[in-house]
Each structure stands twice: as C-alpha cells, then as structure tokens.
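J.: Coordinates for the following, if possible.
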Amino acid sequence: MPSRGDWDPRLRQLGEYIRMRRRMAQLSLRGLSELAQVSNAYLSQLERGLHQPSLRVLHAIADALNVSAEALIAHAGMAEPVPADGSSTRTDTEEAIGSDPELTPEERDVLIRLYRSFKQQHRSIA
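T.: Below you'll find the predicted structure:
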C-alpha cells in the first residue's frame with residue numbers, strides 16, 4: 001500500500017466528494033455500497049483515496065448518488081468540466097476519439113482523459 005505522501009491527490013479529492021455526496025444523501029457507507037453494488041470495504045477505500053475506481057464503479061456510485069459520472073470525474077480533476085452552456089471544448093483529436101465506432105464509451109472516456117493528461121503535462125513542462 002502506498003504511503004500517505006504517495007497518494008494521488010485527485011483520488012483523495014474524488015473520495016472526499018463521494019463521501020460528501022453520500023452524507024448529503026443521508027446514506028450510510030453500507031447503504032451506498034448496497035445501492036452501488038460494491039463492497040463496503042472497497043467503497044471505504046475509495047472514500048479515503050486508496051483506489052482508482054473503474055468507470056463501471058464510478059457510474060454505479062454516480063447513479064446511486066443521483067449525480068452524473070462526468071461530474072464525479074470532473075470534480076476529481078480527472079477530466080475537464082463540461083461548460084454550463086453545453087458548448088464543446090473538445091479538440092479534433094478528442095472528437096476523433098469520441099466518434100470512433102470501434103471503441104466502447106468507457107474506452108473513449110479513458111482515452112480522452114489520458115490524452116488530456118498528456119496535454120496538461122506538456123503545458124506544465126513548457
């Protein structure tokens with residue numbers, strides 16, 4: 001298990017957001033784990049930022065909390081938030097990934113997030 005200093009701050013932020021939304025929904029850890037169909041122990045680890053959840057788990061938690069999975073991902077800083085006016089901020093590369101019929105929606109999401117993280121790293125180096 002990684003030491004506290006090695007934890008990804010985005011995972012900790014995601015976990016804190018999930019915990020806050022769970023408490024706002026007045027759900028116990030066990031209640032949310034049952035609704036999302038994930039183990040109580042795993043959900044506890046997610047809330048503490050110890051694991052990066054799969055897209056399936058994120059979608060299940062988002063559904064159980066009545067929020068969008070995109071909001072969970074964006075809140076954790078793992079993707080760029082969608083503008084309130086619905087306008088697209090996608091690049092040509094993101095559009096190509098998003099329209100590839102051979103990829104599943106989950107694969108598209110992962111590739112777009114990976115592409116954005118590379119762009120962000122490049123910007124911080126330049």
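J.: The most centrally placed residue in the chain is in what secondary structure piece?
T.: The centroid of the chain falls nearest to Ile73 when counting by CA atoms, centre = their mean (2.8 Å). Per DSSP states H and E: Ile73 is located in helix 69-75.
J.: Check which element follows that helix along the chain.
T.: helix 92-98.
J.: buried sites along that following helix?
T.: Glu94, Ile97 (16 or more other CB atoms under 10 Å). C-betas here are computed from N, CA, C, even on glycine.
J.: Give me the contact list for it.
T.: With contact meaning CB atoms under 8 Å, 6 or more residues apart in numbering, helix 92-98 is reached by Arg90, Leu103, Arg108, Leu111, Ile112, Tyr115, Arg116.
J.: Return the distance of it from the chain's centre.
T.: 20 Å (CA atoms, centre = their mean, to the nearest Å).
J.: average pLDDT across that helix?
T.: Averaged across helix 92-98, the pLDDT comes to 81.
J.: Quick check: what element follows that helix along the chain?
T.: Sequence-wise, the next helix or strand downstream of helix 92-98 (DSSP H and E) is helix 105-125.
J.: Who are the packing partners of the helix-or-strand element of the chain with minimal mean pLDDT?
T.: Across the helices and strands of the chain, the lowest-confidence element by mean pLDDT, DSSP states H and E is helix 69-75, at a mean of 74. Other helices and strands packing on helix 69-75, by 3 or more CB pairs under 8 Å, 6 or more residues apart in numbering; DSSP states H and E, are helix 9-24, helix 55-65.
J.: Return the most buried member of these.
T.: helix 55-65 (a mean of 19; mean count of other CB atoms under 10 Å).
J.: Could you list the residues in contact with that helix?
T.: For helix 55-65, contacts defined as CB under 8 Å, 6+ apart pick out 18, 21-22, 25, 27, 32, 35-38, 43, 46, 53, 68-69, 71-73, 106, 109-110.
J.: Check the residues you listed for burial and list the buried ones.
T.: Here, 16+ other CB under 10 Å leaves 18, 21-22, 27, 32, 35-36, 38, 43, 46, 53, 69, 71-73, 109 buried among the contacts of helix 55-65.
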